[in-house]
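K.L.:
curious how this folds, go ahead:
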Amino acid sequence: CLEYLLDTGVDPTIQDVHGYSAIHYAAAHGSRQNLELLIDSTFDSLNDGENAASASPLHLAAYNGQPEAVSVLVGTLVNLDVRDQAGRTPLYVAVQQGHTDCVDILTRHGASALVKERLTKGTSLHIAAANGCADCLHLIADSVADAEVFDTMDAQGQTPLMLAVTSGHLDCARLLLERGAQVDTADKRGCTALHRAAALGCADMVTTLLDHRAMVLCRDTEGRTPLHLAAACGHAGILGTLLQAVPSVDPRDQLRDDHGFTPLHWASYKGHEDCLELLLEHKSLNLERDTFSPLHCAVINGHDGAAELLIDILGAKIVNTNDAKGRTPLHAAAFSNNVLCVHLLLEHHAQVNATDRSGHTPLMMAAEHGHTKIVEVLLHRASADLTLHDANKNTALHLACSKGHEMSALLILGEICDPGLINATNGALQ
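P.N.:
Predicted structure coming up:
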């Protein structure tokens with residue numbers, strides 16, 4: 001029928017409302033005979049850059065997995081790297097759909113794996129690695145001569161290796177590393193492949209990256225190492241592997257991020273007790289004299305189990321450490337309304353009347369925030385001093401009243417015997 005229509009002079013280049021001509025439909029359906037007839041009758045129109053269609057016939061053949069149609073078209077087209085409206089090449093589309101036969105034909109005829117699509121700026125290598133299409137990735141790798149190609153970055157600075165790691169495709173990651181992909185390349189946030197593997201908890205991926213000499217103490221833009229991320233995410237097994245790979249030199253000064261926090265702080269803040277035990281066993285990481293100690297981190301987020309573990313291993317002296325603003329862990333527990341941690345800290349002789357640089361005691365913090373249970377514990381169990389005042393001469397009663405915390409104020413009033421304290425004025429004579 002097609003041959004008859006062409007013989008009668010029907011124009012095969014006429015397009016429908018989508019900009020598709022007969023050759024687009026023949027390519028999409030993989031009709032080799034129809035394609036050959038149409039190509040013979042359309043001469044060089046396939047290589048005409050002016051086309052209203054959103055995709056070329058080669059795109060449609062690649063998208064629909066039609067290797068015979070792809071084979072016919074690549075022998076006719078001058079440019080195999082023509083891009084659709086999204087900037088994707090036929091090779092990119094074939095990889096995206098996982099059509100290995102089409103990828104094989106395109107790579108053997110010289111289709112480029114380096115053309116970037118418009119939105120993410122990813123290449124065919126990126127999409128193959130992200131989708132875990134190892135066969136497609138292998139075919140593209142075989143067609144590439146320069147190992148630097150494997151470190152091509154997308155709009156976020158991500159390499160194909162990073163995407164393979166993020167998606168958990170171990171076979172793709174191994175292939176890229178064997179072909180020369182740089183293991184310590186960082187994206188725009190400073191994250192390497194090892195950062196990603198540590199955060200995601202992929203043990204085999206971490207081992208593979210370390211086997212290729214990935215740097216354990218590499219840092220992202222916030223100064224965090226893979227150790228920080230493994231500790232924060234609670235991946236104890238991976239944390240143990242990373243700790244074994246830490247250089248033998250004392251890393252004490254190397255393990256603070258830009259906020260001054262170590263992996264021990266992160267594990268404490270998130271309450272990952274198994275990670276805490278590992279870090280505490282690694283003696284070079286026991287930063288007992290830190291301002292804002294790991295104990296502060298544990299109590300401020302309500303992890304009493306982690307707090308107890310820290311006290312047991314580091315000793316009771318950590319209970320009264322001060323952060324940069326002079327606050328103790330008891331201040332932190334009072335601020336966060338953590339009753340269990342308040343009891344725990346008091347059991348280990350926390351100083352109930354310790355003042356920070358603003359003159360606030362734990363009782364003042366609890367009263368100001370209306371944490372009635374904490375106020376009750378500090379008054380009745382620890383006999384907190386009600387006469388103390390802060391830098392503005394506010395007592396705990398001032399702070400409770402100023403914020404309208406009635407129950408806290410009543411508890412404090414119940415412990416006051418001296419009327420002078422009730423009538424005391426602050427710095428503003430209130």
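K.L.:
compute the first-to-last residue distance for stretch 335-342.
P.N.:
The first and last residues of stretch 335-342 sit 10 Å apart, counting by Cα to Cα, to the nearest Å.
K.L.:
repeat for stretch 155-173
P.N.:
Start-to-end span of stretch 155-173 (Cα to Cα) is 20 Å.
K.L.:
quick one: which helix or strand includes residue 84?
P.N.:
Following DSSP states H and E, there is no helix or strand that holds residue 84.
K.L.:
and the gap between it and residue 400?
P.N.:
Separation of residue 84 from residue 400 (Cβ to Cβ, to the nearest Å): 67 Å. (Each C-beta comes from the backbone N, C-alpha and C, glycine too.)
K.L.:
what does residue 309 give?
P.N.:
Distance, residue 309 to residue 400, by Cβ to Cβ: 34 Å.
K.L.:
of residue 84 and residue 400, give the one with the bigger neighbour count.
P.N.:
A direct count of neighbours by other Cβ atoms under 10 Å for residue 84 and residue 400 places residue 400 higher, at 28 against 20.
K.L.:
phi, psi for that one please.
P.N.:
phi -70, psi -40 (degrees, to the nearest 10).
K.L.:
how close does it sit to residue 205?
P.N.:
Per Cβ to Cβ, residue 400 is found 53 Å from residue 205.
K.L.:
show me the shaky parts of the stretch 1-150 of the chain.
P.N.:
By pLDDT under 70, the low-scoring segments of the stretch 1-150 of the chain are 4, 40-53, 78.
K.L.:
ranges for the helices of it?
P.N.:
2-7, 22-29, 32-42, 57-63, 67-74, 90-97, 100-108, 124-131, 134-143 (DSSP state H, counting those that start in this stretch).
K.L.:
any chance of those in TSV, plus mean neighbour count and distance to residue 303?
P.N.:
As requested, the helices of the stretch 1-150 of the chain are exported to TSV (neighbours: other Cβ atoms under 10 Å; distance: least, Cβ to Cβ, whole Å):
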stretch	mean neighbour count	distance to residue 303
helix 2-7	12	73
helix 22-29	22	58
helix 32-42	18	66
helix 57-63	28	51
helix 67-74	23	57
helix 90-97	28	44
helix 100-108	23	49
helix 124-131	28	36
helix 134-143	22	41
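K.L.:
between those helices, which one is nearest to residue 354?
P.N.:
Closest to residue 354 of the helices of the stretch 1-150 of the chain is helix 124-131 (Cβ to Cβ; 52.7 Å).
K.L.:
please write out the alpha-carbon positions of the closest one in CSV.
P.N.:
Coordinates of each C-alpha in helix 124-131 appear next as CSV, following Å, rounded to 0.1, in the frame of the first residue of the first chain:
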residue,chain,number,x,y,z
SER,A,124,23.9,9.1,28.6
LEU,A,125,26.5,7.9,31.1
HIS,A,126,24.7,9.6,34.0
ILE,A,127,21.3,8.1,33.1
ALA,A,128,22.8,4.6,32.6
ALA,A,129,24.5,4.8,36.1
ALA,A,130,21.4,6.3,37.8
ASN,A,131,19.1,3.6,36.3
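K.L.:
name the residues of stretch 409-416 that are buried.
P.N.:
Within stretch 409-416, the residues that count as buried by 16 or more other Cβ atoms under 10 Å are 409, 411-412.
K.L.:
tabulate the residues you listed (a markdown table), appending distance to residue 132.
P.N.:
Listed next are the buried residues of stretch 409-416 as a markdown table, based on distance: Cβ to Cβ, whole Å:
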| residue | distance to residue 132 |
| --- | --- |
| 409 | 62 |
| 411 | 61 |
| 412 | 63 |
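K.L.:
in TSV: those, plus pLDDT and distance to residue 135.
P.N.:
Formatted as TSV, the buried residues of stretch 409-416 follow (pLDDT from 0 to 100; distance: Cβ to Cβ, whole Å):
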residue	pLDDT	distance to residue 135
409	96	72
411	96	71
412	96	73
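K.L.:
among those, which ones are in helices?
P.N.:
Among the buried residues of stretch 409-416, DSSP state H puts 409, 411-412 in helices.
K.L.:
between those, which is closest to residue 325?
P.N.:
Nearest to residue 325 out of these is residue 412 (Cβ to Cβ; 24.0 Å).
K.L.:
return the distance of that closest one relative to residue 255.
P.N.:
Relative to residue 255, and taking Cβ to Cβ, residue 412 is found at 43 Å.
K.L.:
same question for residue 227.
P.N.:
For residue 227, the distance to residue 255 (Cβ to Cβ) stands at 7 Å.
K.L.:
who touches both of these two?
P.N.:
217, 263 (Cβ atoms under 8 Å, 6 or more residues apart in numbering).
K.L.:
who has more neighbours, these two?
P.N.:
residue 227 (30 against 22).
K.L.:
I'd assumed residue 241 was in contact with that one.
P.N.:
No: Residue 227 is beyond contact range of residue 241, at 10.4 Å (criterion: Cβ atoms under 8 Å).
K.L.:
spatially nearest residue to residue 14, not counting backbone neighbours?
P.N.:
residue 21 (6.3 Å; Cβ to Cβ, 6 or more residues apart in numbering).
K.L.:
so the one you found touches residue 15, yeah?
P.N.:
Yes: Residue 21 lies in contact with residue 15 (Cβ under 8 Å); the separation is 5.1 Å.
K.L.:
what about those two, which has more around it?
P.N.:
Per other Cβ under 10 Å, whichever of residue 21 and residue 15 has more neighbours is residue 21, with 21 against 13.
K.L.:
what's near enough to touch the more buried one?
P.N.:
Residues near residue 21 by Cβ under 8 Å, 6+ apart: 12-15, 53.
K.L.:
now with 7 Å?
P.N.:
12-15 (Cβ atoms under 7 Å, 6 or more residues apart in numbering).
K.L.:
nearest to residue 126, of these?
P.N.:
Checking the contacts of residue 21 against residue 126 with Cβ to Cβ, the nearest one is residue 15 at 32.1 Å.
K.L.:
for the closest one, give its distance to residue 87.
P.N.:
Counting by Cβ to Cβ, the gap from residue 15 to residue 87 is 22 Å.
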